[in-house]
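Chemist: Below are the sequence and a predicted model for it; my questions follow.
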Amino acid sequence: MRMTRRLLESVGVVMVLAAVIVLLRLTTVAGQAPSTTAWGHPSLDGIWLDVYSTPLQRAPELGDREFATAEERATQDQSRMGAGSQTRGPAGTPQDVSGAYNAVYTSVKPAGPRTSLIVDPPNGRLPALTAEAKQKEDLQREWRQTLMRNTPTCEQGARGCEGGEYGPPSPSRFDTAPFYNTERMNRHDGPEDQSLSDRCMGGRTPDFNGFRRIVHGEDSIAVGYDTGQGQGFQRVINLSGNHPPSQVRLRHGDSRGHWEGQTLVVETTNFSPKFTFRPVRRGAESGAHRTLIERYTPVDAETLEYEITIEDPTVWVAPWTARQELKRQSDQENRIYYEPRCSDGNYGLSAMFIGARMKEKAFSEGKGPDPFSLDSTTGGGGAR
């Protein structure tokens, strides 16, 4: 009897262990993807995000130091968490109104362990600009300053009018911009006077800030981005074929990928000159001549290393490389974010134009100031 009981107990334990092994083999841990796809490649499926805030460029005083100290990160967090939430101008002024859209409505990531996203050059900073890029940068800056010259921003020498002079409205303020505009300017005659973000087209390639959802196919990989208040977009990375002829230009370029061991390598060319990549605000922008190389390498089930190298000989004197560590995000918690939602271009843009026409009408009737004496761009002299 005792032997029968022991035998049954042993059989029961074996059955339980066998069941657990089967479950471990068949069950995917929540939030994780299988290690390989049905086509034998490493699986990148899922939603990924850089959970830290890391500046693209390293502060010059840090030299080649790649990592921040715990104290430095804590100081950055304290400064960033409070910045903007209590920013106010003098009560009743346009500056006060323009500060209403502040940190109360935005989230802030904690400071990351690294001092810059850029890892090459070793100083963590963008390479020097070419002479051609400097000339284009100067042209854009001078044009924007022309539209700002009669505003309090220039009168006070505030940010947004660096290098500009205060004076009467420029006689060329109604001229067509001498370049294709992608940033906001102090004029609202049509969509091309507004930034790409105002037009719901702010998503750019590469993107360092938003979520990305990766979905594998046999011959292609789809990447959906949600970034910058619904400024999302979709990319398809073809795993075969060649880039189209050079006259074919696309908003996010043409992407062709292949596997090098565990790493997905993607080359993107054929970018449109109208959808530029501007690494730093008010800096030089890279357009049709850039080549982007991306590398996706799984580190573990929850971590994905993302590295990019950009080369544009018309903008920078050398290529540069940036690196991020992306963390897997919950599919369940992010289940509603399958499609970016941007209302700026549908509502905000038309409201800007209506407001601009009302100001012009009031000025023509002697009931308001010259619209070109108001800063409707930076918040320095009037709400946008």
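Modeler: Looks like it arrived, so ask away. Numbers count the residues shown, from 1 in each chain.
Chemist: ok, which stretches of the stretch 151-300 of the chain are strands?
Modeler: Secondary structure of the stretch 151-300 of the chain (DSSP state E, counting those that start in this stretch): strands at 211-216, 220-226, 233-238, 254-260, 263-269, 291-300.
Chemist: Looking at those strands, which is nearest to Thr115?
Modeler: In terms of CB to CB, the element of those nearest to Thr115 is strand 291-300, at 20.4 Å. C-betas here are computed from N, CA, C, even on glycine.
Chemist: helices and strands around the closest one, which ones?
Modeler: In terms of contact count using 3 or more CB pairs under 8 Å, 6 or more residues apart in numbering; DSSP states H and E, strand 291-300 is assigned the packing partners strand 263-269, strand 303-311.
Chemist: what's it in contact with?
Modeler: When contacts are defined by CB atoms under 8 Å, 6 or more residues apart in numbering, strand 291-300 is touched by residues 42-44, 205-206, 253, 262-269, 304-312, 325.
Chemist: Kindly write the PyMOL command that selects the buried subset of those.
Modeler: Filtering the contacts of strand 291-300 down to the buried ones (16 or more other CB atoms under 10 Å) takes a single PyMOL command:
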select buried, resi 42+43+44+205+206+253+264+265+266+267+268+269+304+306+307+308+309+310+311+312+325
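Chemist: What is the subsequent helix or strand relative to the helix or strand of the chain with the lowest mean pLDDT?
Modeler: Within the chain, judged by mean pLDDT, DSSP states H and E, the helix or strand with the poorest mean is helix 2-26; its value is a mean of 40. Remark: after helix 2-26, the chain's next helix or strand is strand 46-49, criterion DSSP states H and E.
Chemist: can you list the residues that contact whichever helix or strand comes after that following strand?
Modeler: Scanning forward in sequence from strand 46-49 by DSSP H and E, the next helix or strand is helix 70-82. Contacts with helix 70-82, where a contact means CB under 8 Å, 6+ apart, come from Ser53, Ala68, Val108, Pro110, Ala111, Gly112, Pro113.
Chemist: Can I get the helices and strands packed on strand 291-300 in CSV including distance to Phe363 and mean pLDDT?
Modeler: Output for these, formatted as CSV (distance: least, CB to CB, whole Å; pLDDT from 0 to 100):
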stretch, distance to Phe363, mean pLDDT
strand 263-269, 46, 97
strand 303-311, 44, 97
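Chemist: so which of those strands comes closest to Lys367?
Modeler: Across those, Lys367 has its closest neighbour in strand 303-311 (50.2 Å, CB to CB).
Chemist: Perfect, that will be all.
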